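In: predicted model and sequence follow; I will ask about them next.
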Amino acid sequence: MFKVYLKIILRNFLKERSFVWINLIGLSVGLLCCFTILLYARKELAYENFHVNKEHIYRVLPRIQGGANDYEQIWTPAWLAPSAKNKIPEIRLASRYIHLGSEQLITHENQRMLTDGLALADPDFLHMFSFTEPFTSGMNPLSDPSALIVSRSAAYRMFGDQSPIGKTITLNGSHVFTIKAVFTDVPVESHLQFEMLGHFQRIREIWGMDTTPEENTSWNFATYLMTTPQADISAVQSKVLNIFEERAPRKNQRTIRLQSLNDIHFTQGIRRDNADGNWTSLIALCSVAVLVVLIACFNFTNLMTAKAMRRAKEIAVRKISGASRWLIALQFISEALMLSVFATVLAIGMLEGLLPLLRHYLDISIPFTYTEHGPWLGIMIGVGVLTGLIAGFYPAWVLSSFEPARTIKGVTKLPVANKLRKGLVLSQFTVSIILASCTVIVWQQINHMKEFNLGFQKEQIIVTSAPGSLREKPEAVRQQLTNDGSIISVTFANSVPGNAFSHGPYEILGGTENGRISINTIYADAEYLKTLNIALSEGRYFYPEHAAENTDYYVVNEAFMKAYGKSDFQTMRLRSLDGNHDKPGSIVGVVKDFHYASLKSTIAPLVLRYAPAESWRMIIRVAPQQTKQAITKLSSVWQTMAPEIPMTYRFLDEVFDKQYKQEDRLHHLMIGFSALAILIAGLGLYSMVAYYNEQRTKEIGIRKVLGATITDVLYLMSRDYVGMVVLANIISFPLIYFMMNRWLDDFAYRVAVRWEIMAITGILTLGLTLIMVGIQSWRTASANPIHALKYE
């Protein structure tokens, strides 16, 4: 019996080639979208899963509330981790962690290398996390403060095929480390990214601290705790808060949250966190995948039902010959399954070609191999088979229900099937309008953020590291770079807009709020405002000619004055509580608010401090149309003043826009998948119209003989589809409004969901529908009625 069914299926496939190809293309493209997003979701959900102790690791998040403050941050003081481990029995391990961030110069004999992947942590760090293999000797590589462990790729860049164990390297020309171990490169599915790891105690000499880290009061370090399996996390949180209040009491309210390692990737809105996961975007993409597959299923069901109506008499003969209903249904389900299997194989083949393109154009790395991801390959095949079953079930049920006597007489019309056809087409229109409208709104939001007035100049700005040999002679560097006119100005700072910035404790004197307050801080020289074209609201900035006096002054932004200030900023004073700069100073100026962080959040209070020695970035403003000359000039000066250090540079607009890479990915993926969904729906609609016009050929011929014009026939053939598009718009508009407002809630500066966008999308959908329906209907309407009446 199986052999007979297989012959019938293949014969029908050959007979209805266009039907098979349309269904095959629609299903394979729909499954391709589904498989791609399925693998992307697997990658996103795999973050931190490789850590053996992931269920018991937590990151400490202080939440500051009071006055203008209401935020969580990852930074904690250096004394917290050892205090928590010593005082809280439920804590087994504790570690501080700091990523040094800016480019660090690594030298070994005559070899040099720049790295931005150097981090420092306590020895417990290696026992908590699974970045390295278990220590076979029982010796923790970080037990020695001079030790350094490096990744395989970093070791290869520095030493080639030689073993790096025991070799010494020098950091920034003065800090010597000995390599004690090599670890496998950190997986991309980790929020902690580093290629070199040293002992945390080295932070004192690297940063030039006057005190030990435990005595320092600055909050610049992440704290990770590993609890016992039976620990009550709420109780541990309370105990950690008690340690804070004992060591650093404050006026404003403070709470502590222990954030599970598994939650870090998808948590947003935490200051100084680099997690870029987004639940909303992931759910949106998964929804798109489901919708695209549904459109493909709707096409499949509609076309299979329509085409199979021609086989009504075949079904009747089979029933008369003794075939049961379930055998007939099995035949049609087998056809659907065979098509879905072909489509699944085709989709998996296309997937292998698509993944490298996603990696190249969208920087989305989705690993997939048949050997390593066998279970996921099985899931994809299962999804394909399930899709075929879902799409083929209804046609099989309908066609197997034909009554032989009525079918032999030619009565095969099924009112229920006709209603389902219209319902499926309506669903396709609705989904297409939703996807197209959402894609446009996402594009509007991204474009809005990239073109928003940021309050500073981000174009024609070059950013590079500033090694000590350049920072020691800032005026000489500035003079040499600006002497030919290709470079307008040069400034040194520890931060650029869109990148990490410092966060320090202060005491405000003479303001609306007293006590210890944590405020965002930028260390810079006297050329910072000029170089970035930041406007001054009132007062003054630092005097270039009075470097010694500048250290006694502070400049703040307008958000600071709104939060803490009185009418006259000159009556206010600030005192830093970071342990290194504790001398009270006057506020001498207020700058206009500028967006030094992402537009996802509002502008927070900011303090600008004069500290060229701590400004390890050089920011260069280039004259218009002089970028090439400016880079040449920079290279020349660099070779003269810092020949031992490789030069690297970036453009500020690229640095700032990189904050929105997650939204860019969502936008490009939605464009691609929405276009494919509309293509699938269009192919299905075109085929459906062709089939049903063919079914009504005799009716149209009679109407023309009775005097109907081509216009009358076109109206008759298209009115149902026009009505369905209008109804699809009515259904989709509130759904679009609700979904996009939910997504836009993540942005502090957002576009409005305008009805005009949805209306234009609906009109375009109507226009495309009329074109596809019109082309097919014109052929039928303009045909000679004589041929139509000879139809049978």
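Out: That came in fine, so what should we check first?
In: per-domain residue ranges of the protein.
Out: The chain is divided into the following domains under automatic domain parsing: 2-43+279-449+661-789, 57-264, 468-644.
In: okay, those domains in CSV with distance to Asp653 next?
Out: For glycine as for every other residue, the C-beta is placed from the backbone atoms N, C-alpha and C. As requested, the domains of the chain are exported to CSV (distance: least, C-beta to C-beta, whole Å):
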stretch, distance to Asp653
domain 2-43+279-449+661-789, 12
domain 57-264, 19
domain 468-644, 9
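In: output those as JSON lines; include the columns mean neighbour count, distance to Glu459 and mean pLDDT.
Out: As requested, those are exported to JSON lines (neighbours: other C-beta atoms under 10 Å; distance: least, C-beta to C-beta, whole Å; pLDDT from 0 to 100):
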{"stretch": "domain 2-43+279-449+661-789", "mean neighbour count": "18", "distance to Glu459": "15", "mean pLDDT": "78"}
{"stretch": "domain 57-264", "mean neighbour count": "18", "distance to Glu459": "23", "mean pLDDT": "86"}
{"stretch": "domain 468-644", "mean neighbour count": "18", "distance to Glu459": "9", "mean pLDDT": "85"}
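In: go through these and name the closest to Lys458.
Out: domain 468-644 (6.9 Å; C-beta to C-beta).
In: and the end-to-end length of that closest one?
Out: Using C-alpha to C-alpha, to the nearest Å, the end-to-end distance of domain 468-644 comes out at 11 Å.
In: how far away from the center of its chain is that domain?
Out: 30 Å (C-alpha atoms, centre = their mean, to the nearest Å).
In: please apply the same query to stretch 171-188.
Out: Distance, stretch centre to chain centre, for stretch 171-188: 29 Å (C-alpha atoms, centre = their mean).
In: cool, and stretch 265-284?
Out: Offset of stretch 265-284 from its chain centre (C-alpha atoms, centre = their mean): 8 Å.
In: what's the answer for stretch 240-259, then?
Out: Stretch 240-259 has its C-alpha centroid displaced from the chain centroid by 32 Å (C-alpha atoms, centre = their mean).
In: end to end, how far does that stretch reach?
Out: 13 Å.
In: just the strands in the stretch 201-350 of the chain please.
Out: 219-227, 253-260, 270-271 (DSSP state E, counting those that start in this stretch).
In: quick one: contacts of the second one?
Out: The reference is to strand 253-260. 55, 57-66, 72, 225, 233, 236-237, 240-241, 244-245, 267 (C-beta atoms under 8 Å, 6 or more residues apart in numbering).
In: how about 6 Å then?
Out: Residues from elsewhere that reach strand 253-260, judged by C-beta atoms under 6 Å, 6 or more residues apart in numbering: Tyr58, Arg59, Leu61, Pro62, Arg63, Ile64, Gln65, Gly66, Ile233, Gln237, Val240, Leu241.
In: strands paired with that strand, and their directions?
Out: strand 57-66 (antiparallel) (DSSP bridges).
In: likewise for the longest one?
Out: Strand 219-227 sits in its sheet next to strand 57-66 (antiparallel), strand 76-77 (antiparallel), strand 91-99 (antiparallel), going by DSSP bridges.
In: just send those back as JSON lines, with distance to Gly684 too.
Out: Listed next are the strands paired with strand 219-227 as JSON lines, based on distance: least, C-beta to C-beta, whole Å:
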{"stretch": "strand 57-66", "distance to Gly684": "49"}
{"stretch": "strand 76-77", "distance to Gly684": "57"}
{"stretch": "strand 91-99", "distance to Gly684": "51"}
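In: just say helix, strand or coil for Gly589.
Out: Counting by DSSP: H, G, I helix; E, B strand; the rest coil, the backbone at Gly589 sits in strand.
In: how close does the residue lying closest to it once chain neighbours are set aside get to His199?
Out: Leaving out its chain neighbours, the residue that sits closest to Gly589 by C-beta to C-beta, 6 or more residues apart in numbering is Gly539, at 3.3 Å. Per C-beta to C-beta, to the nearest Å, Gly539 is found 44 Å from His199.
In: list the contacts of Gln659.
Out: Counting by C-beta under 6 Å, 6+ apart, Gln659 touches Gly498, Ser598.
In: mind checking the SS state of it?
Out: Look at Gln659: counting by three-state DSSP, its state is helix.
In: quick one, helices of the stretch 51-200 of the chain?
Out: 80-87, 124-128, 152-159 (DSSP state H, counting those that start in this stretch).
In: report the secondary structure element holding the residue lying closest to Ala343 once chain neighbours are set aside.
Out: Closest residue to Ala343 apart from its sequence neighbours, by C-beta to C-beta, 6+ apart: Leu27 at 3.6 Å. Assigned by DSSP states H and E, Leu27 belongs to helix 17-45.
In: that helix packs against which elements?
Out: Secondary structure elements in contact with helix 17-45, counted by 3 or more C-beta pairs under 6 Å, 6 or more residues apart in numbering; DSSP states H and E, are helix 279-308, helix 325-362, helix 661-695.
In: circling back to that earlier point, nearest to Pro141 among the contacts of strand 253-260?
Out: Arg59 (22.9 Å).
In: that closest one bridge partners, please.
Out: Bridge pairing for Arg59 - DSSP bridges - gives Tyr224, Gln259.
In: any figure for the gap between it and Glu48?
Out: From Arg59 over to Glu48 the distance is 11 Å, taken as C-beta to C-beta.
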